[in-house]
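K.L.:
Below are the sequence and a predicted model; questions follow.
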Amino acid sequence: MLRSMTGFGSSKVKLLMGAKCCVELRSINHKFLETVFHLPEGFSSLEDKIRKEIEPRIRRGRINCLIHVAGLPIAQAAVDEKLLKSYISNIHKIKSKFKIKDELSINTLLNLPGALVLIKNDRIMPKVWPGLKKLVNKAVDSLLAARLKEGRGLGAYLKSRLRELENHLILLKKRLPGIVKAKAAQLRTADERSSFLNDTCISEETSRLSFHISNFKHKLKKGSP
C-alpha cells in the first residue's frame, strides 16, 4: 500500500490531577527518518522514551512532535532565603553609605537574579509516563491513518497517469510506422530515405519507456514506508 510521507496526527487526554495534555505529530518529506521534539518544561527526561514509541512504527519522514501540557505541577516556586538576606544586607549598606531613602518593595526583591527559583518535581514524571505513552501511540495511529489516506489518493492519481502514458505509447507504436513510411515516400533519393529511417527509429526509446512504466507499476504495487 502506498503511503504519503506528509500527514498530521493528534491525541488529547487528561493526565494526573486533571492536567490536560495534547500530542501533535506532523510529518513532511525526508529521505531518512528524523524526529524533532518540542516538549514542555520538565519533559526533556522523557524524550528518549517518546522517540522509542514513534520511530519503530515510521520508517521515513521528518517528524515534528509537539506536546502541550496545562495544569501539571511539574515545578514549584521557592524563595532562596539565604541569597535574599544577602541582597537585603548589601542594599542596606548601600543606602546607608550613599544616603538613599528609597524603600525596598517585595517586587524589587523578587525580581533580583536568583531570588525566586523553580524546584522541579522529579517524582511526577514517572507517574505521567504511562498516560503519555498511550497518548503518543494514539497520535502515531492518527498520523499513520492520515499518511495512508493521502497515499491512496496519490496512488490512484499516479495509476491514472500511467494508464494515460501507456495508451499514448500504444498509439505512438501503432501510428508511427505509417507516418514514417509516408514521409519517406516524399524523399527523392535512396540515401535520403535511408538516413531518414535511421534518424526516426525510436524502438530503443519506446522499449525504455515501457520498462520504466512497468517498473513504476511494480513500485506502486509494492507500496512505500
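P.N.:
Received the coordinates, thanks. Numbers count the residues shown, from 1 in each chain.

K.L.:
Tell me the helix or strand right after the helix ranked longest in the chain.
P.N.:
As assigned by DSSP state H, the longest helix anywhere in the chain is helix 124-185. Following helix 124-185 in sequence order, the next helix or strand is helix 190-199 (DSSP states H and E).

K.L.:
pLDDT on whatever helix or strand comes next after that following helix, on average?
P.N.:
For helix 190-199, the succeeding helix or strand toward the C-terminus, using DSSP H and E, is helix 203-222. For helix 203-222, mean pLDDT is 92.

K.L.:
Just the buried residues of helix 203-222, please?
P.N.:
Using 16 or more other Cβ atoms under 10 Å as the test for burial, helix 203-222 gives Leu209, Leu220. Glycine gets a C-beta too; all of them are placed from N, C-alpha and C.

K.L.:
I'd like the domain boundaries of this protein, if you could list them.
P.N.:
If you go by automatic domain parsing, the domain ranges for the chain are 7-72+123-153, 75-120, 155-222.

K.L.:
Lowest average pLDDT across the ones you listed?
P.N.:
Mean pLDDT values for the domains of the chain show the minimum at domain 75-120, a mean of 85.

K.L.:
how much distance is there from that domain to the middle of the chain?
P.N.:
With Cα atoms, centre = their mean, to the nearest Å as the basis, domain 75-120 stands 46 Å off its chain's centre.

K.L.:
got it, and stretch 160-168?
P.N.:
32 Å.

K.L.:
Same check on stretch 20-31?
P.N.:
Taking Cα atoms, centre = their mean, one finds the center of stretch 20-31 at 5 Å from the center of the full chain.

K.L.:
Which positions within that stretch qualify as buried?
P.N.:
Quick answer for stretch 20-31 (16+ other Cβ under 10 Å): Cys21, Val23, Glu24, Leu25, Arg26, Ser27.

K.L.:
got a list of contacts for it?
P.N.:
With Cβ atoms under 8 Å, 6 or more residues apart in numbering as the test, stretch 20-31 has contacts from 5-15, 54, 58, 60-72, 131-132, 135-136, 138-140, 142-143, 147.

K.L.:
Let me have the domains of the chain in JSON lines, extended by distance to Met1.
P.N.:
JSON lines is the format used below for the domains of the chain (distance: least, Cβ to Cβ, whole Å):
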{"stretch": "domain 7-72+123-153", "distance to Met1": "7"}
{"stretch": "domain 75-120", "distance to Met1": "45"}
{"stretch": "domain 155-222", "distance to Met1": "8"}
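
K.L.:
looking at the ones you listed, which is buried most?
P.N.:
Of the domains of the chain, the one with the most neighbours on average (mean count of other Cβ atoms under 10 Å) is domain 7-72+123-153, at a mean of 16.

K.L.:
Quick check: end-to-end length of that one?
P.N.:
Start and end residues of domain 7-72+123-153 are separated by 13 Å (Cα to Cα, to the nearest Å).
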